[in-house]
Each structure stands twice: as C-alpha cells, then as structure tokens.
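> Sequence first, then the predicted structure:
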Amino acid sequence: MLEEQTLSSGMRVWTARPVSSGEPERRPAVIVLHGRRGPIDIDGSWDRVERLARDGFVGCVPDLYHRFTGDRGPIEAQEARIDYGDDESLADLDETIAYLKTLPYVDGDHIGVAGFCMSGRIALSYGAAREATAIACFHGGVYPRDYAGEFAGQASVADFIPKLSCPVLGLFGELDPRNPLENIQRFRSELEQHGKSYQIRVFGDTDHGWLNLKSAAYRKEQADEAWEMFTTFLRDVFAGKWQSDRAIWRFESDSSVDYDLARLSEDVAARSPTYGP
C-alpha cells in the first residue's frame with residue numbers, strides 16, 4: 001500500500017513497505033526515480049516500489065518535478081520535457097534520504113538509488129556526489145546527451161564515473177537506440193579504467209522501456225530476469241558482499257553481430273515517433 005507525504009520543500013514522496021504484524025523491522029530502502037513523464041501511473045514507478053515492498057525493501061518515489069508549477073499535461077504526454085540541473089536533483093535526493101532515515105522501519109545505513117530512463121544519470125550523479133550504498137540504472141544513464149552534458153547545470157556522465165562511491169548495476173536493451181551499445185561499452189570501459197565495481201547486462205532483442213508493465217515494449221522474460229538481478233544485487237551489496245577494497249566487474253551482453261545503431265533508430269522512430277529519451 002502506497003503512503004504519500006509532502007516534505008518541507010513541497011516535494012511529494014510515495015513509499016511502500018513490507019507488511020508487518022508486529023514491531024516494524026528496519027529494512028533497506030530503495031529510491032525509485034521516475035522517467036520523463038513524471039510520477040504517473042503509466043511511468044511504472046509505483047508498481048516498482050510496491051514490488052520492492054513485496055521483496056522485503058522499503059520503496060520510495062520522490063516527485064522530481066515539484067518545482068514545476070505549469071501544466072504537466074504536455075510533460076506526461078511526452079510533448080515537452082523538464083531537465084533540472086544536477087544541484088536540484090541532488091537536493092531532492094538529499095531531502096528524500098533524510099526523510100527515509102526518520103522512518104522507524106527504514107535501515108538508514110542501507111539506501112539504494114535506482115534510475116529509470118531519463119533518471120539513470122541522476123542516480124549516477126548521486127553516486128558520484130555522495131557516499132551512496134548502491135546505484136542502479138535501467139535503460140538509462142548513458143544516453144548520448146548524458147555523455148554530452150548538453151543541458152544547463154548537467155555534467156557529463158564521464159565526469160561522474162571517477163567519483164562513484166559504490167557499486168553500479170546497469171541493465172540495458174540491445175534494441176534501445178537511446179542507450180547505444182557503443183555508449184554501454186564506453187561506460188564499461190570507463191568504470192574499469194577507474195577501478196569501479198559494476199554489473200552490466202544487455203538483454204537481446206529488447207527495446208527501451210522493457211521493464212515497464214504499462215509499456216508496449218514490456219518483455220516479461222527479460223523484465224523478470226532483470227528484477228531478480230536487481231534485488232540480488234541490492235541484497236548482496238547491503239550484506240557487504242561487494243567489498244569496497246575490491247573492484248568487481250561483471251559484464252554480460254546478448255547482441256547481434258550485425259548491430260546497426262542507425263537502422264535501430266529508424267525502426268524505433270517508425271514504431272513510436274513521439275517517444276523521446
């Protein structure tokens with residue numbers, strides 16, 4: 001069951017926690033960052049926090065668009081977009097984490113951040129700027145524009161990687177032109193270059209948004225496997241199995257030997273011409 005709270009900044013957050021019949025047990029928490037539509041049902045964030053609660057975690061979705069006072073209709077329809085700078089995103093995550101640490105059922109020493117689509121880079125920015133515990137990126141974080149740092153106040157993902165303070169999980173789709181294989185390979189190379197621990201998986205024959213139950217791109221088999229990898233990663237990191245003095249590199253990819261980014265981009269544009277990154 002989702003619980004809604006408005007924090008001092010005016011930012012709304014929604015949380016879900018495991019059902020308990022007695023005194024609440026302190027559980028690790030995971031912040032789920034919404035995609036470009038914002039925190040709406042079709043985005044899938046609420047499904048994810050409720051699933052996290054069923055898996056034994058406290059899930060939390062903050063409204064990263066709380067500063068915006070205009071009509072959200074075009075945002076939710078993906079006809080317009082909001083791009084805040086890194087400082088605003090960090091402030092929102094700081095406030096969310098501070099709130100979670102006040103809850104008697106949250107283990108404040110074990111809080112992860114997961115970014116989906118557009119918010120993948122936000123998760124990475126937090127892992128670079130703060131002493132984070134675990135970071136995950138689902139079909140996001142390595143867009144060409146994320147590397148370019150093309151929006152005001154947003155640094156390049158390349159600047160985040162040397163500063164990452166925790167292990168990173170990256171889950172991507174082969175057929176997702178927004179996260180091209182060359183960028184995933186670059187991401188992997190830079191993580192290794194700087195001695196950062198990671199687990200990366202590229203799912204074959206899989207497009208953007210494949211984890212979202214409400215997306216036409218949803219792929220149950222890949223989504224179930226990705227979710228199992230996600231929760232296992234979280235449990236292992238929170239249990240100390242990813243030691244801070246060791247660089248752990250895990251990479252698995254399923255992609256065509258004839259991979260052609262230009263052709264993929266054309267195919268996606270033909271299928272969903274209004275869907276942006």
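That came in fine, so what should we check first?
> Pretty sure P162 sits against H194.
Yes - with contacts counted by C-beta atoms under 8 Å, P162 reaches H194, the gap being 4.7 Å. Yep, even glycine has a C-beta here, placed from its N, CA and C like the rest.
> Please write out the alpha-carbon positions of the helix or strand containing Y126 in CSV.
Using DSSP states H and E, Y126 sits in helix 120-129. The C-alpha trace of helix 120-129 is given here as CSV (Å, rounded to 0.1, in the frame of the first residue of the first chain):
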residue,chain,number,x,y,z
GLY,A,120,19.5,6.9,-14.9
ARG,A,121,22.0,9.8,-15.0
ILE,A,122,20.5,11.3,-11.8
ALA,A,123,21.3,8.0,-10.0
LEU,A,124,24.9,8.2,-11.3
SER,A,125,25.2,11.8,-10.3
TYR,A,126,24.2,11.0,-6.8
GLY,A,127,26.6,8.1,-6.6
ALA,A,128,29.4,10.5,-7.6
ALA,A,129,28.5,13.4,-5.3
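> chain center to that helix, what's the gap?
A distance of 9 Å separates the centroid of the chain from that of helix 120-129, by C-alpha atoms, centre = their mean, to the nearest Å.
> what helices or strands is it leaning on?
With contacts defined as 3 or more C-beta pairs under 8 Å, 6 or more residues apart in numbering; DSSP states H and E, helix 120-129 has these neighbours: helix 86-100, strand 106-116, strand 134-138, helix 157-160.
> what bits of the stretch 1-150 of the chain have low per-residue confidence?
Judged by pLDDT under 70, the stretch 1-150 of the chain has its weakly predicted residues at 21-23.
> Name the residues that touch the helix holding Y126?
Applying C-beta atoms under 8 Å, 6 or more residues apart in numbering, the external contacts of helix 120-129 come out as 33, 64, 86, 89-90, 93, 113-115, 132, 135-143, 146, 154-155, 157, 159-161, 163-166, 168.
> and it with strand 106-116, angle?
Angle, helix 120-129 to strand 106-116, by axes from the mean of the first three to the mean of the last three C-alpha atoms, to 10 degrees: 130 degrees.
> Just want the angle from helix 120-129 to helix 86-100.
80 degrees.
> Need the nearest residue in space to the spatially most central residue of the chain, chain neighbours excluded.
Of all residues in the chain, the one closest to the mean position by C-alpha atoms, centre = their mean is G115, 1.3 Å from it. Taking C-beta to C-beta, 6 or more residues apart in numbering, and ignoring the residues beside it in sequence, G115 has A123 as its nearest neighbour in space, at 3.4 Å.
> The one you found and E3, how far apart?
In this structure, A123 and E3 are separated by 23 Å, where distance is defined by C-beta to C-beta, to the nearest Å.
> who has more neighbours, these two?
Each of A123 and E3 has its neighbours counted (other C-beta atoms under 10 Å); A123 has more, 31 against 11.
> What separation is there between that one and T69?
In this structure, A123 and T69 are 26 Å apart, going by C-beta to C-beta.
> pLDDT weak spots in the stretch 151-277 of the chain?
Applying pLDDT under 70 to the stretch 151-277 of the chain picks out residues 261, 263-277.
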